[in-house]
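Colleague: Next comes the sequence, and after it the predicted model I'd like to discuss.
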Amino acid sequence: MKIKIALIIGMGILLICSVFFASKYFSAKKEIIGLKQELSKNKDSGSGKVLTFGQLFIEDVLEAEGEVDFETRLKLENAVRDLNDEELLNQWKLFIASQDEAGAQKEVRNLLKMLINKVGAEK
């Protein structure tokens with residue numbers, strides 16, 4: 001009789017544990033799906049595009065050895081226009097129109113500050 005009661009109690013504990021872990025599993029799965037959707041939205045959002053442009057700018061302009069070729073400039077121009085942000089586009093144009101190295105450096109700093117502010121404002 002004691003063995004039977006012990007088995008019933010043991011099976012009850014196992015059943016409770018199974019239900020508990022199943023509920024944890026499904027809640028974690030639901031949270032992961034939500035996080036994936038949020039990540040997808042952020043990639044397509046303005047801040048995701050700004051980060052992508054910033055990364056392109058750093059890799060293709062700041063890390064470039066020598067002069068930036070026409071295709072790269074065109075790619076960056078299209079990326080900045082794709083942001084649909086007049087302020088960034090105007091700053092890009094100021095950078096492009098720079099006549100000397102000191103002016104270009106000043107406009108690069110302004111552009112990078114603006115990019116950082118745009119990303120920070122959307123978070």
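Modeller: Looks like it came in fine.
Colleague: Could you list the low-confidence segments of this structure?
Modeller: Low-confidence segments of the chain (pLDDT under 70): 41-46, 121-123.
Colleague: Where is the longest helix in it?
Modeller: In the chain, assigned by DSSP state H, the helix with the most residues is helix 2-44.
Colleague: Can you check what angle separates the helix or strand just after that one from helix 2-44?
Modeller: Using DSSP states H and E, the helix or strand that follows helix 2-44 towards the C-terminus is helix 46-57. Here helix 46-57 points in a direction 60 degrees away from that of helix 2-44 (axes from the mean of the first three to the mean of the last three Cα atoms, to 10 degrees).
Colleague: Residues contacting helix 46-57, please?
Modeller: With contact meaning Cβ atoms under 8 Å, 6 or more residues apart in numbering, helix 46-57 is reached by 42, 75-76, 79-80, 82-83, 85, 88, 111-112, 115, 118-119, 122-123. From N, CA and C alone the C-beta is placed, and that goes for glycine too.
Colleague: ok, so of those residues, who is nearest G10?
Modeller: N42 (47.5 Å; Cβ to Cβ).
Colleague: Let me see the domain layout of the protein.
Modeller: 1-37, 45-122 (automatic domain parsing).
Colleague: what's the most buried one of those?
Modeller: domain 45-122 (a mean of 14; mean count of other Cβ atoms under 10 Å).
Colleague: quick one: it to chain centroid distance?
Modeller: 17 Å (Cα atoms, centre = their mean, to the nearest Å).
Colleague: Also stretch 3-23?
Modeller: With Cα atoms, centre = their mean, you get 44 Å for stretch 3-23.
Colleague: do the same with stretch 32-41
Modeller: Centre-to-centre, stretch 32-41 and its host chain are 12 Å apart (Cα atoms, centre = their mean).
Colleague: For it, C-alpha coordinates in PDB please.
Modeller: Extracted C-alpha coordinates of stretch 32-41, given in PDB (Å, rounded to 0.1, in the frame of the first residue of the first chain):
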ATOM      1  CA  ILE A  32      11.600  34.500 -28.900                       C
ATOM      2  CA  ILE A  33       9.000  35.000 -31.600                       C
ATOM      3  CA  GLY A  34       8.300  38.500 -30.300                       C
ATOM      4  CA  LEU A  35      12.000  39.400 -30.100                       C
ATOM      5  CA  LYS A  36      12.500  38.200 -33.700                       C
ATOM      6  CA  GLN A  37       9.700  40.300 -34.900                       C
ATOM      7  CA  GLU A  38      11.100  43.400 -33.100                       C
ATOM      8  CA  LEU A  39      14.500  42.700 -34.500                       C
ATOM      9  CA  SER A  40      13.000  42.500 -38.000                       C
ATOM     10  CA  LYS A  41      11.200  45.800 -37.500                       C
END
